[in-house]
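> Dropping the sequence and predicted coords here.
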Amino acid sequence: MTDQILTQALLQSLFTYNPITGIVIRKITVNPNAKVGDIVGTIDNGYLRVAISNKTYQLHRIIWFMKYGYFPKTIDHKNRNRSDNRFCNLREATYIENNKNIGICKNNTSGFNGVSFDKERNAWEAFIGYNGKKKTLGRFPTKNLAIQARKKANIAFDYHPNHGITL
């Protein structure tokens with residue numbers, strides 16, 4: 001396939017998408033490794049990718065373009081499974097909205113995003129990201145109280161319900 005400008009019609013001529021399963025199937029053979037009827041996508045960093053005209057794309061972005069005819073800046077996988085391309089799991093999001101749906105960081109010691117122990121004050125601190133800055137929610141005598149403060153802030157600051165939860 002020669003270099004072509006991506007259009008919704010071109011993508012729909014190349015692929016069939018099942019929004020319930022999230023699986024994309026090839027409609028045409030482009031080379032011996034990409035034949036009619038093949039499931040599309042190779043995993044790279046958790047995301048499924050596909051090559052079109054010698055350029056690689058994240059498959060969820062191709063799916064979005066097939067449906068809506070444009071590439072948004074960011075697409076969030078609601079359940080944070082990067083290879084789950086069911087349409088009900090994809091949402092257009094801003095960079096900030098996408099960051100409001102992250103898992104727990106590997107170096108987290110409290111077991112809850114936005115909660116840490118302040119050794120100098122011998123207290124648990126709760127904090128949240130807001131307008132690109134760290135906003136302190138307070139210091140608490142117990143971890144549970146700090147977690148409750150952060151949970152309330154997650155709702156108040158419109159964080160995704162999956163934020164910080166191990167799925």
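Thanks, I have the structure now.

> per-domain residue ranges of the protein.
8-96, 100-156 (automatic domain parsing).

> ranking those by mean pLDDT, which is last?
Among these, domain 100-156 carries the lowest mean pLDDT, a mean of 93.

> Against residue 165, how distant is the nearest residue to residue 160 once chain neighbours are set aside?
Computed as C-beta to C-beta, 6 or more residues apart in numbering, the closest residue to residue 160 that is not its neighbour in sequence is residue 101, at 3.6 Å. Quick note: C-beta positions are derived from backbone N, CA and C, even for glycine. The spacing between residue 101 and residue 165, counted by C-beta to C-beta, to the nearest Å, is 10 Å.

> Please say which of those two ends up with more neighbours.
When residue 101 and residue 165 are compared on other C-beta atoms under 10 Å, the one with more neighbours turns out to be residue 101, at 20 against 13.

> That one: what's it in contact with?
76, 78, 80, 93, 159-160, 162-163 (C-beta atoms under 8 Å, 6 or more residues apart in numbering).

> Closest one to residue 138 out of the residues you listed, please.
Lowest distance from residue 138 to the contacts of residue 101 (C-beta to C-beta) belongs to residue 159, with 17.4 Å.

> Remind me which helix or strand the residue nearest to residue 160 belongs to.
Residue 101 is part of no helix or strand, with elements assigned from DSSP states H and E.

> Equivalent analysis for residue 48, please.
Going by DSSP H and E, residue 48 is part of strand 47-52.

> And residue 97, by the same measure?
Here residue 97 sits within helix 95-99, counting by DSSP H and E.

> Please report phi then psi for the closest residue to residue 87 other than its chain neighbours.
Excluding the flanking residues, the one nearest residue 87 by C-beta to C-beta, 6+ apart is residue 19, at 3.7 Å. Torsion angles at residue 19 (phi, psi; degrees, to the nearest 10) stand at phi -70, psi -20.

> got a list of contacts for the longest helix along the chain?
Looking across the chain with DSSP state H, the single longest helix is helix 143-156. With C-beta under 8 Å, 6+ apart as the contact definition, helix 143-156 has outside contacts at 110, 112-115, 117, 124-128, 135, 137-140, 159, 163-164.

> Could you give me the buried positions within that helix?
Buried residues in helix 143-156, counted by 16 or more other C-beta atoms under 10 Å: 143, 145-147, 149-151, 153-154.

> In JSON lines, list the residues you listed along with distance to residue 31.
JSON lines is the format used below for the buried residues of helix 143-156 (distance: C-beta to C-beta, whole Å):
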{"residue": "143", "distance to residue 31": "56"}
{"residue": "145", "distance to residue 31": "60"}
{"residue": "146", "distance to residue 31": "56"}
{"residue": "147", "distance to residue 31": "53"}
{"residue": "149", "distance to residue 31": "56"}
{"residue": "150", "distance to residue 31": "51"}
{"residue": "151", "distance to residue 31": "51"}
{"residue": "153", "distance to residue 31": "51"}
{"residue": "154", "distance to residue 31": "47"}
